[in-house]
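[1] only geometry, no sequence info:
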């Protein structure tokens with residue numbers, strides 16, 4: 001894992017530059033808009049608010065027994081917001097090296113800085129939104145100690161997005177079809193995550209398919225914390241760590257093999 005460790009050292013050494021790049025990317029997302037800096041936060045917030053309005057207020061739809069909560073909109077918001085954060089971070093991270101191709105060809109900067117910038121810019125937007133939703137959901141169960149599990153869950157998701165985003169960014173530089181394939185997988189991935197339905201509603205013989213999605217464990221963890229006030233079960237943490245190890249090993253190998261060719265691909 002020496003290669004991946006060197007990448008981390010590059011990020012840490014250039015942390016001031018990374019933060020400047022993050023600020024610029026966040027500013028670029030609302031440049032020229034009337035609402036300004038609020039706009040990147042309003043888009044996902046209005047989306048999940050629409051879920052609550054349509055399913056809970058207008059139609060008063062309810063889930064059956066075995067669900068963490070019976071209100072459909074309330075259930076959807078908890079999974080949909082982390083999923084939007086995941087899709088935004090991964091897709092922007094995947095395109096980060098292609099977008100920074102000209103800069104990397106002219107400056108000997110570590111490519112990992114640009115993927116990290118894109119993922120952290122996404123975290124700057126969705127992190128506060130997840131915290132806000134956590135506060136809104138507190139009356140469902142009171143402020144229990146399990147709410148502190150939001151911190152490791154969000155940290156786990158951040159590391160997952162950095163690893164996956166950088167892995168896909170290198171693949172996208174080598175093969176542009178990666179962008180199209182991953183875009184399709186992200187669009188259908190919500191149906192292979194217990195976001196639109198509780199895990200108990202999925203056929204028992206096919207539940208293993210859901211665990212092929214790296215967000216399944218995290219979504220279940222968020223549901224346990226925000227909807228029931230319970231600490232996520234051990235299976236959530238084990239699955240999350242397994243995904244991190246698998247991605248880290250794959251990324252370590254890919255970075256080592258692509259180091260001399262990456263800039264040429266861009």
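    Now that the structure is in, tell me what you want to look at. Quick caveat, the model's predicted, so the values are computed rather than measured.

[2] rest of the way, CA atoms for contacts and neighbours
    Will do.

[3] buried residues in stretch 228-244?
    Residues of stretch 228-244 classed as buried by neighbour count (16 or more other C-alpha atoms under 10 Å): 228, 229, 230, 231, 232, 236, 237, 239, 240, 243, 244.

[4] who's in contact with that stretch?
    Residues from elsewhere that reach stretch 228-244, judged by C-alpha atoms under 8 Å, 6 or more residues apart in numbering: 68-69, 140-144, 146-147, 149, 156, 159-160, 163, 214, 217-218, 220-222, 224-225.

[5] Quick one: buried ones out of these?
    68-69, 147, 149, 156, 159-160, 163, 214, 217-218, 220-222, 224-225.

[6] picking up where we left off before, cross the contacts of stretch 228-244 against helices and list the overlap.
    156, 159, 160, 163, 217, 218, 220, 221, 222, 224, 225 (DSSP state H).

[7] And the helices in this protein?
    With DSSP H as the criterion, the chain has helices at 2-13, 15-29, 39-52, 72-99, 101-106, 112-137, 150-174, 177-189, 207-210, 215-228, 234-258, 262-265.

[8] so which of those helices gets nearest residue 197?
    Between residue 197 and these, the shortest separation by C-alpha to C-alpha is 8.1 Å, and it involves helix 72-99.

[9] average pLDDT across the closest one?
    Taken as a whole, helix 72-99 has an average pLDDT of 92.

[10] again, but for stretch 185-194
    The predicted model gives stretch 185-194 an average pLDDT of 91.

[11] what's the offset of it from the middle of its chain?
    In terms of C-alpha atoms, centre = their mean, to the nearest Å, the centre of stretch 185-194 is set 13 Å apart from its chain centre.

[12] what about it, start to end distance?
    Counting by C-alpha to C-alpha, to the nearest Å, the length from the leading to the trailing residue of stretch 185-194 is 16 Å.

[13] Give me the residues contacting it.
    For stretch 185-194, the surrounding residues in contact (C-alpha under 8 Å, 6+ apart) are 79, 83, 87, 196, 209, 210, 213, 215, 216, 219, 220.

[14] Count the neighbours of the third one for me.
    A count of neighbours around residue 87, defined by other C-alpha atoms under 10 Å, yields 22.

[15] likewise the fourth one?
    The local packing of residue 196 (other C-alpha under 10 Å) involves 16 other residues.

[16] residues making contact with stretch 21-35?
    36, 37, 38, 39, 40, 117, 118, 120, 121, 122, 124, 125.

[17] Which ChimeraX command selects the buried ones in these?
    Of the contacts of stretch 21-35, the buried ones go into a single ChimeraX selection, burial set by 16+ other C-alpha under 10 Å:
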select :37,40,117,118,120,121,122,125
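
[18] quick check, nearest of the contacts of stretch 21-35 to residue 202?
    For these, the residue nearest residue 202 by C-alpha to C-alpha is residue 122; the value is 30.5 Å.

[19] contacting residues for the closest one?
    The contact partners of residue 122, by C-alpha under 8 Å, 6+ apart, come to 26, 85, 88, 89.

[20] The same query, at a cut-off of 7 Å, please.
    85, 88, 89 (C-alpha atoms under 7 Å, 6 or more residues apart in numbering).

[21] if you skip the residues just before and after it, what's nearest to the second one?
    The shortest distance from residue 88 to any residue that is not its chain neighbour, by C-alpha to C-alpha, 6 or more residues apart in numbering, is 6.6 Å, and that residue is residue 122.

[22] pLDDT at that neighbour, what is it?
    According to the predicted model, the pLDDT of residue 122 comes to 94.

[23] same question, the one 5 residues further on
    The pLDDT attached to residue 127 in the predicted structure is 93.

[24] ok, the nearest residue to it once chain neighbours are set aside - how many residues close by?
    Nearest non-adjacent residue to residue 127, counting by C-alpha to C-alpha, 6+ apart: residue 154, 7.6 Å away. When neighbours are defined as other C-alpha under 10 Å, residue 154 has 19 of them.
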